[in-house]
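Colleague: sharing a sequence plus its predicted fold:
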Amino acid sequence: MELQSNMSTLTTRSKIAIRWTSNPADMGYDGTPSNWMSSEPEMRSPRTALDFSSDLSRRIGQGTYRRISYQHAGREVTIAEMQDLVFGAD
């Protein structure tokens, strides 16, 4: 199964670049924002990218505020897009 985008095709074999931050300034609060979107991403398939948020909660603590970016070929990918792709392929 594929989801067509205006830049590239998202498939079950695509690699999703995941970046995250827990810096409050990156979420609009006071402080100095980090350069988190330029950091080295964690690469996952769409199926395992869907588990990233819960995996991150186990690593940094449940309830920690964070911001997560999922990208494929330079464009933001939503959780809904990945769910449609993965659940449609099952």
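Modeller: Received, thanks.
Colleague: quick one, phi/psi of D26?
Modeller: Backbone torsions of D26, given as degrees, to the nearest 10, read phi -70, psi -10.
Colleague: remind me which residues of this protein are low pLDDT?
Modeller: Scanning the chain for pLDDT under 70 picks out 1-7, 90.
Colleague: now the helices for it?
Modeller: Assigned by DSSP state H, the helices in the chain fall at 46-49, 52-60, 79-89.
Colleague: tell me which of those is the most buried.
Modeller: Mean neighbours per residue, mean count of other CB atoms under 10 Å, is largest over these for helix 46-49, with a mean of 20. Where you see a C-beta, it was placed from the backbone N, CA and C, and this is true even at glycine.
Colleague: state the distance from Y70 to T32.
Modeller: Distance, Y70 to T32, by CB to CB, to the nearest Å: 25 Å.
Colleague: among those two, which residue is more densely surrounded?
Modeller: The neighbour count for Y70 versus T32, taken as other CB atoms under 10 Å, is higher for Y70 (23 against 7).
Colleague: could you check how far that one is from W36?
Modeller: Distance of Y70 to W36, given as CB to CB: 13 Å.
Colleague: give me the common contacts of these two.
Modeller: In terms of CB atoms under 8 Å, 6 or more residues apart in numbering, Y70 and W36 are not both contacted by any residue.
Colleague: burial count for V77?
Modeller: Neighbours around V77, by other CB under 10 Å: 22.
Colleague: what is the nearest residue to it once chain neighbours are set aside paired to in the beta sheet?
Modeller: Nearest non-adjacent residue to V77, counting by CB to CB, 6 or more residues apart in numbering: Y70, 4.6 Å away. When bridges are called by DSSP bridges, Y70 pairs up with I18.
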